[in-house]
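Engineer: sequence below, structure please.
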Amino acid sequence: MVTPTLPIIDFSDYRHGMAAARSELVAQVVEACESTGFFIATGHGVAEDLVQETYDLAGAFFALPTAEKHRVARPRPEQNRGYIAYGEERLSRLQGGETPPDVKEVFAIGPDGVPDEPYFQSADAYPNFAPNLWPREPAGLRAAMLAYWAAMDEFSGLLTGIFARGLDLPEDYFVDKLDRGINMMRLLWYPEPTAPPEPGQFRAGEHRDLGLLTLIRNEASAGGLQVKTTSGAWVEAPAIPGSFVVNLGDLMMLWTNDRWRSTPHRVVLPPRGQERGSARLSIVYFIMPNYDTVISPVASCVSPERPARHAPTTVAEYRNSRFAASARDVA
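Structural biologist: Below is the predicted model:
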């Protein structure tokens with residue numbers, strides 16, 4: 001029996017158009033966004049066989065010989081594309097921290113099949129639409145990842161409509177801010193540790209996400225995702241079968257004038273003695289608005305008692321400032 005440590009929200013009735021359930025669910029989402037910035041989504045409508053196929057093919061990729069994975073190695077530090085080997089990331093740097101390298105491997109993609117148009121190809125667009133790198137094997141990985149991407153895009157559209165309603169905005173408020181979004185998908189492989197960790201080492205160091213929101217599908221094993229509470233305590237984010245962990249990023253926190261939370265989180269190593277069988281795979285989908293979108297607190301989150309706390313900024317400006325602080329590592 002899993003003891004919930006984050007709000008669990010069932011989207012089934014909302015998706016099926018039940019009016020009373022819609023108002024109740026919006027209130028649940030708003031409460032979660034204000035209190036924790038994290039919640040667990042069930043009843044989301046994403047096909048489980050698609051998730052399992054993506055998991056299986058991702059596992060096959062990470063099981064390839066190192067030399068084969070390096071055929072699609074990330075070409076430049078600022079590009080979240082291709083294979084990123086162990087030792088190349090320290091996510092804590094996004095928050096100005098410094099830890100030993102994260103104990104993980106990554107395969108990352110961004111928008112695929114980008115149009116040959118100035119908006120996507122100009123200098124201002126770089127590196128948001130850098131080309132994806134696809135491995136020769138396993139066969140089917142590209143198709144599965146793009147199908148998974150489409151499913152996440154559909155679910156995130158539902159979520160952003162709910163967010164808009166919760167902020168007293170038109171339900172389609174975010175649509176034209178995401179129609180050329182710079183979303184990203186990452187396969188994260190956390191191997192079973194074979195040596196004692198360095199002091200302060202994690203599978204993924206403490207950080208906040210940059211974007212609008214993040215959808216995480218992870219496996220249950222020793223050493224997992226933890227979320228930092230307002231008191232500074234760390235709580236487990238349970239891997240409930242068939243669910244997604246949803247968390248807000250910094251851009252949503254800026255948009256809501258800090259009313260909604262972008263919460264620090266990390267992935268820990270398994271406790272000593274629990275290393276065997278602790279390997280885990282996560283699939284993470286990041287929703288990032290169009291790079292030229294202006295982020296400014298919405299009217300419902302500003303008042304004489306709560307004046308605007310942040311100057312307007314664009315997605316690109318904020319992203320670039322955060323990446324500059326993290327040196328050669330990216331989130």
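
Engineer: buried set for the helix or strand hosting G205?
Structural biologist: Assigned by DSSP states H and E, G205 falls within strand 204-207. The neighbour-count check on strand 204-207 (16 or more other CB atoms under 10 Å) flags A204, G205, E206, H207 as buried. Quick note: C-beta positions are derived from backbone N, CA and C, even for glycine.

Engineer: okay, now the sheet partners of it, with direction.
Structural biologist: strand 265-267 (antiparallel) (DSSP bridges).

Engineer: pLDDT on the strand it pairs with, on average?
Structural biologist: The pLDDT scores in strand 265-267 average 93.

Engineer: identify all contacting residues around that strand.
Structural biologist: The list of residues contacting strand 265-267 from outside it, by CB atoms under 8 Å, 6 or more residues apart in numbering, reads 38, 91, 104, 190, 202-208, 223-228, 234, 237, 247, 282.

Engineer: now the buried members of those residues.
Structural biologist: The buried subset of these (16+ other CB under 10 Å) comprises 38, 91, 104, 190, 202-208, 223-228, 237, 247, 282.

Engineer: CSV please, covering the buried residues of strand 204-207 and showing distance to A311.
Structural biologist: As requested, the buried residues of strand 204-207 are exported to CSV (distance: CB to CB, whole Å):
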residue, distance to A311
A204, 30
G205, 28
E206, 26
H207, 23
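
Engineer: tell me the two of those residues that are most distant?
Structural biologist: Greatest spatial distance in the buried residues of strand 204-207: A204 and E206, 8.5 Å, computed using CB to CB.

Engineer: what do the two both touch?
Structural biologist: L91, R266.

Engineer: quick revisit: quick check: next helix or strand after the strand holding G205?
Structural biologist: Next in line after strand 204-207, if elements are assigned by DSSP H and E, sits strand 213-218.

Engineer: packing partners of that following strand?
Structural biologist: Identification of packing neighbours for strand 213-218 by 3 or more CB pairs under 8 Å, 6 or more residues apart in numbering; DSSP states H and E yields helix 141-166, strand 244-248, strand 280-287.

Engineer: most tightly packed of the ones you listed?
Structural biologist: With neighbours taken as mean count of other CB atoms under 10 Å, the helices and strands packed on strand 213-218 reach their highest mean count in strand 244-248, at a mean of 24.

Engineer: which one of the helices and strands packed on strand 213-218 lies nearest to R15?
Structural biologist: Smallest distance to R15 across these (CB to CB): 7.0 Å, for helix 141-166.

Engineer: would you mark the buried spots in the helix or strand following the closest one?
Structural biologist: Using DSSP H and E, the next helix or strand after helix 141-166 towards the C-terminus is helix 175-178. Neighbour-count burial for helix 175-178, counted by 16+ other CB under 10 Å, picks out K177, L178.

Engineer: go ahead and name everything in contact with the helix or strand following helix 175-178.
Structural biologist: Toward the C-terminus, helix 175-178 is succeeded by strand 184-190 as the next helix or strand (DSSP H and E). Here strand 184-190 makes contact (CB under 8 Å, 6+ apart) with 58-59, 61-62, 80, 103-110, 145, 148-149, 152, 203-204, 223, 267, 278-286, 288.

Engineer: can you pull out the low-pLDDT segments for the stretch 201-331 of the chain?
Structural biologist: For the stretch 201-331 of the chain, applying pLDDT under 70 flags the ranges 323-331.

Engineer: mind running it again at 80?
Structural biologist: The model of the stretch 201-331 of the chain has pLDDT under 80 over residues 222, 320-331.

Engineer: the stretch 51-200 of the chain too?
Structural biologist: 89-99.

Engineer: tell me which residues of stretch 59-68 come out buried.
Structural biologist: Residues F61, F62, L64 are the ones in stretch 59-68 that count as buried (16+ other CB under 10 Å).

Engineer: now the helices and strands packed on strand 213-218 in CSV, with distance to F120?
Structural biologist: Shown next, in CSV, are the helices and strands packed on strand 213-218 (distance: least, CB to CB, whole Å):
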stretch, distance to F120
helix 141-166, 17
strand 244-248, 27
strand 280-287, 18
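
Engineer: now for these, which one comes closest to T42?
Structural biologist: Between these, strand 244-248 lies closest to T42; by CB to CB that is 8.3 Å.

Engineer: for that closest one, which outside residues touch it?
Structural biologist: Looking at what lies outside strand 244-248 - CB under 8 Å, 6+ apart - the contacts are 6, 33, 37-41, 44, 46, 155, 159, 209, 212-218, 225, 227, 237, 260-263, 265.

Engineer: any idea how many residues pack against the nearest residue to T160 once chain neighbours are set aside?
Structural biologist: Once flanking residues are discounted, T160 sits nearest to F174: 4.1 Å by CB to CB, 6 or more residues apart in numbering. Look at F174: counted by other CB atoms under 10 Å, it has 25 neighbours.
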